[in-house]
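Novice: just to be clear, the model below is a prediction. Sequence and coordinates:
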There are 4 protein chains.
Amino acid sequence: MIIVMSPSATKENLKKVEEKIERSGLSAHLSVGENRTIVGVIGDKKRIGELEMNSLEGVEKTVRITEKYKLVSREFKADNTVIDVRGVKIGGEELAVMAGPCSVESLEQLRETAAAVKKAGAQFLRGGAFKPRTSPYDFQGLGEEGLKLLKQVGDEYDLRIITEIVDLNDVELVSEYADILQIGARNMQNFRLLQAVGHGSKPVMLKRGISATISEWLNAAEYIMSAGNDNVMLCERGIRTYETYTRNTLDLSAVVALKELTHLPVIVDPSHGTGRWQMVQPMARAGIAAGADGLIIEVHPHPEQALSDGDQSLKPEKFAELMQDVKKIAEIMGRK
Amino acid sequence: MIIVMSPSATKENLKKVEEKIERSGLSAHLSVGENRTIVGVIGDKKRIGELEMNSLEGVEKTVRITEKYKLVSREFKADNTVIDVRGVKIGGEELAVMAGPCSVESLEQLRETAAAVKKAGAQFLRGGAFKPRTSPYDFQGLGEEGLKLLKQVGDEYDLRIITEIVDLNDVELVSEYADILQIGARNMQNFRLLQAVGHGSKPVMLKRGISATISEWLNAAEYIMSAGNDNVMLCERGIRTYETYTRNTLDLSAVVALKELTHLPVIVDPSHGTGRWQMVQPMARAGIAAGADGLIIEVHPHPEQALSDGDQSLKPEKFAELMQDVKKIAEIMGRK
Amino acid sequence: MIIVMSPSATKENLKKVEEKIERSGLSAHLSVGENRTIVGVIGDKKRIGELEMNSLEGVEKTVRITEKYKLVSREFKADNTVIDVRGVKIGGEELAVMAGPCSVESLEQLRETAAAVKKAGAQFLRGGAFKPRTSPYDFQGLGEEGLKLLKQVGDEYDLRIITEIVDLNDVELVSEYADILQIGARNMQNFRLLQAVGHGSKPVMLKRGISATISEWLNAAEYIMSAGNDNVMLCERGIRTYETYTRNTLDLSAVVALKELTHLPVIVDPSHGTGRWQMVQPMARAGIAAGADGLIIEVHPHPEQALSDGDQSLKPEKFAELMQDVKKIAEIMGRK
Amino acid sequence: MIIVMSPSATKENLKKVEEKIERSGLSAHLSVGENRTIVGVIGDKKRIGELEMNSLEGVEKTVRITEKYKLVSREFKADNTVIDVRGVKIGGEELAVMAGPCSVESLEQLRETAAAVKKAGAQFLRGGAFKPRTSPYDFQGLGEEGLKLLKQVGDEYDLRIITEIVDLNDVELVSEYADILQIGARNMQNFRLLQAVGHGSKPVMLKRGISATISEWLNAAEYIMSAGNDNVMLCERGIRTYETYTRNTLDLSAVVALKELTHLPVIVDPSHGTGRWQMVQPMARAGIAAGADGLIIEVHPHPEQALSDGDQSLKPEKFAELMQDVKKIAEIMGRK
């Protein structure tokens, strides 16, 4: 941490700053400039993380140099984490593709979708049984019935299952049916839920909060890992900006940033990221070209009848096209 | 809902749009313009709320006219809701002031703060026992021990207690000690938690999510009210923007907007809203001048020793000054 | 400037960093921590301002400690700047109120408005003769004819004139008719225009760019002052955020921040700041309560016939009400 | 335009709305719903564009259905515009690559860069002679001397020249030396400058404003085209968001959106878009995969000595690598 003293700070102010640093078991290191004195704080990262200095008189501002997260950082572990989901590897050479409807609606819908996405090359079936919806009057999902359908169809078509968990009491329940637990954007900082899935061992996909910084996102992942679960992957799904043409702004530079900062696998969601089915294919290509380890895509056999997110769902034939494109880009990126 | 057809839409496309509307038990109303046909959807608000039309061919875009929330809206209930918290009324003529430390740290800290804020005119003691912190390594609060201290000190100084709840299993526990349950910004769309406090009867203060639209915020309040709890108040606490000089951007126009759209009381939090103690007093004045029903302010007897949010906490003497200012503005606004 | 070296930086990397600093006539000051070395750069502010270090190998990031602006800063000049506009002072004890239509449309419109705003207590008549409009097909203003009308009506009603300048070749022309030159949000970083008005002596009101940081805004003001014109005031007019209920988000904490950082007067524009006439009065009150030196308000005798910005214009009777409110708040703030 | 009447609107209110529409030479079309009446406005697009209705009593809100721009829209011209710049085509099958330093500094610097980028496959040399800098104390460019160097080196290496214009009086001057005039992000809504380059015939590259919506950007392009110049291309260079890890957030979905909405060529600038040289290569790949017609990249032989933007400049050997990658992606996209 760097503490910038105000030009009008007194010697007394500076002394109190140094004292607080030392009382915290850290050491202060002064640089006296023409107008300002700058104090560097040296010592244990965790203690520096807890230090609050802005409330002291004479302090103009403080600048944090080191991030608080540790286990998720590439500094801590240089090699990419590869997560094995019943034989399918995420974060390695292979591209991971998760596809399926926003909400599980019926056995027919799920079977039709599963057949199509399997044929096109997806290894995972996605589908929501518990849906966090903006309005209490919107369709909230089929609940456990939906989980059962997912498992049944996943088994029939040899697809692994990824589905969202919204209630910290449901970890066991959802883990019975699903291969990957998804934490949605709205729950990225629902720390109790993060800890609950962290105490389990099922792989977790943590979506970026709607206006989360990369740093907050990695700290959220740290909640899961520090609770004991190493099988964490991150999913960029678009951030909130002033632009309204798209539902969100898919931030592909975050993929590149994550590849610098963390060893965890990174998935891109161009369906929520854009909110427009016409944009899913080009943005899926772009995501892989930016270096993502996989994609999660909404596919519905009849988008115009979907109970949710029909606007951003691809028809099976469009998804097959997308897979053709994406495979070519993946090859250039040195993937299988 | 208004459906704008693309200039290249065919008669067949239009027919399918009309059919879907009618199948949903609604009626379609056409306006044929020079370049585009526009379809108005008329009928039951709830059914319109569920209608998804963008995935149909020939549809350029759809525009929602009516909001999905109902119980929270001023259309539904014209008179201001006044919440009675053991004799102190929020949303009426009186200004509600909640003050205290970010985190409950000790009995001494709490007593010293309570004495000061009571004397300056606050009716509520705030303090966090369960703290949702960005990093798992930050101080997470004293838990139930903190709740007990809050209740004890509240009783001693005749202050009502407001404290945050972060776990849906804790509703009963926190309700034993607190007079108002606070839902923090990070949990604004933790719908399970909203439903849990909605099933109780304790007053709830719902903070705005860090990048929540006013519409999403009111829909979140609707989750609580539709579960049965009418005692809901809203708290503007700053939104995330590109500006980094302040921790958040306090959006006082939201106060004015809420007064148009809802009957629920509106509280302003200038401490989190700015993140800088120097700004709390002027922004508190501005909040009341904009029409807020109350304030929630971080006060700490020794901010430089605070375990969290020292940067934005006022010392007791500064808080007393603030109260002087705020009372004068409140009088101009026709409040007591 | 603080330079944070990467944990993997070599001694050779560090040496090159030190060499570049010294070659620039500055000195380097090292703090060697457990994981990272941090280099403080000490010396002439201007030279530090020009230093670019991120492209050197081993540099993780750099943090700028001092702002590049000087003349506009309160460090440079502690006392508030008071601008005398033909006897009316801006930035002193008196509140400055500028009111009038978005666009000058006709002599009648202008006279009717001027009579009303003068009576209610405004000292300045605002009105656009050159309008920067989003679309080339929108009304672009009456040009010089509009300037003449402004001057004529200003003289008739003893109101000073403020109007926007959009073309760097028009400084002389506009200066003939106007008392204050306004630089609009879209031109805040049109540096050639800033320099052009900086070479003159007419007071300038610099509006905040639609997504300008406070730092960029003050640097833009520095362009004007460094060209020789000291009579600069700043106008907060709302920033662009994700919220769409209001046209912009009026950032009143910027008023407080500017009062800390600069000696220049600060004006608030609640008309553009909200884009909704219903919100202008409460946000005008809030602006003054936050500490602004004045207001600029759109007033139109017949908003429903306005050629631009009718949505956010007040009728004269509403403006008179606003003035009543604002005067009471100004008194509390110690103003006349 | 759709006008949504408030539930409390009277018949008198509605009558006035209809009257204003008809007085404007347009016709009103009513849809009477359960709670609200909705008025569709039909007729001439330009007249609708000028209509302002929010200031009328009883109007809750208005929704614009059609954009105001025309010449730039794909509705107006379905085929892609291909701009011929002395034999090199932009917007056709060929990928256009513009590369070079942020600022022109010297003949040696320019020659070294030109040799390298030409060899790697670029057809255009970029370089700033007039630099719009945030602070008046930053390096402002070499001016006409810089233009001369660009032309000389462009001729030597058979590279076309693109350079920024910041002053509306410089159109002739810059056109003498440059093949493409660049309008920077800060000047996107400097409408006088847009008109000035619109009156000429040199191709113009219009960068997106730092927080411009896609709609505002296309309206800005319409200013140029409506003044007579058809040779316009657009450049996505990142938008301002809350995320600070990158300098801007490169919005690649805008590329896809533009391909839907306009026939003009689209260029991507991953250098400004990220502000970090480490990210330029992956984001360049992603931009082409999203469908861009070309790239503009900062290349400097010695980034650590650059007078501006060294942080985001590539060394020649990194640029050569980038070109290898990009060519492979371009092939997949069906480009040469």
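Specialist: Alright, I've got the coordinates.
Novice: in the sheet, which residues pair with A:V63? Tell me.
Specialist: A:I2 (DSSP bridges).
Novice: for the stretch 51-200 of chain A, what lies in contact range of chain C?
Specialist: A:V63, A:I65, A:T66, A:E75 (Cβ under 8 Å from any Cβ of the partner chain). Where C-beta positions appear, they are placed from N, C-alpha and C, glycine not excepted.
Novice: please, a PyMOL command that selects the buried ones among these?
Specialist: Buried residues among these (16 or more other Cβ atoms under 10 Å in any protein chain shown), as a PyMOL selection:
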select buried, chain A and resi 65+66+75
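Novice: strands - which of the residues of the stretch 51-200 of chain A next to chain C land there?
Specialist: Counting by DSSP state E, these place A:V63 in strands.
Novice: would you turn the residues of the stretch 51-200 of chain A next to chain C into a markdown table with pLDDT?
Specialist: Shown next, in a markdown table, are these (pLDDT from 0 to 100):
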| residue | pLDDT |
| --- | --- |
| A:V63 | 84 |
| A:I65 | 80 |
| A:T66 | 80 |
| A:E75 | 89 |
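Novice: tell me the two of the residues of the stretch 51-200 of chain A next to chain C that are most distant?
Specialist: A:V63 and A:E75 (19.1 Å; Cβ to Cβ).
Novice: and the strands in chain A?
Specialist: Secondary structure of chain A (DSSP E): strands at A:2-5, A:27-32, A:37-42, A:59-63, A:83-85, A:88-90, A:96-100, A:124-126, A:160-164, A:180-183, A:204-207, A:232-236, A:266-268, A:294-298.
Novice: tell me the residues of the stretch 201-336 of chain A that contact chain C?
Specialist: So the stretch 201-336 of chain A meets chain C at A:S211, A:R240, A:T241, A:Y242, A:T244 (Cβ under 8 Å from any Cβ).
Novice: number of residues surrounding the second one?
Specialist: So the one you mean is A:R240. 23 (other Cβ atoms under 10 Å in any protein chain shown).
Novice: distance check, A:E216 against chain B.
Specialist: 6 Å (Cβ to the nearest Cβ, to the nearest Å).
Novice: sorry, back to before: show me how to select, in PyMOL, the buried members of the residues of the stretch 201-336 of chain A next to chain C.
Specialist: Those of those that count as buried under 16+ other Cβ under 10 Å are selected in PyMOL with:
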select buried, chain A and resi 211+240+241+242
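Novice: show me the contacts for A:F139.
Specialist: Residues in contact with A:F139 (Cβ atoms under 8 Å, 6 or more residues apart in numbering or on different chains) are A:S103, A:K131, A:R133, A:L307, A:S308, B:E50.
Novice: give me the subset of those that lies in helices.
Specialist: B:E50 (DSSP state H).
Novice: got the domain ranges for chain A?
Specialist: A:2-63, A:83-332 (automatic domain parsing).
Novice: Serialize these to TSV and add fields for distance to C:N187.
Specialist: Putting those into TSV (distance: least, Cβ to Cβ, whole Å) gives the following:
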stretch	distance to C:N187
domain A:2-63	30
domain A:83-332	20
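Novice: pick the most deeply packed of the ones you listed.
Specialist: Ranked by mean neighbour count, the domains of chain A are led by domain A:83-332 with a mean of 22 (mean count of other Cβ atoms under 10 Å in any protein chain shown).
Novice: so what's the gap between it and the chain middle?
Specialist: Mean-position distance between domain A:83-332 and its chain equals 9 Å (Cα atoms, centre = their mean, to the nearest Å).
Novice: and it, what's its mean pLDDT?
Specialist: The average pLDDT within domain A:83-332 is 96.
Novice: now do the end-to-end distance for that domain.
Specialist: 23 Å (Cα to Cα, to the nearest Å).
Novice: next one: stretch A:245-264
Specialist: 31 Å.
Novice: stretch A:165-178 too?
Specialist: End to end - Cα to Cα - stretch A:165-178 spans 10 Å.
Novice: picking that back up, of all the residues of the stretch 201-336 of chain A next to chain C, which comes closest to chain D?
Specialist: Nearest to chain D out of those is A:T241 (Cβ to the nearest Cβ; 4.9 Å).
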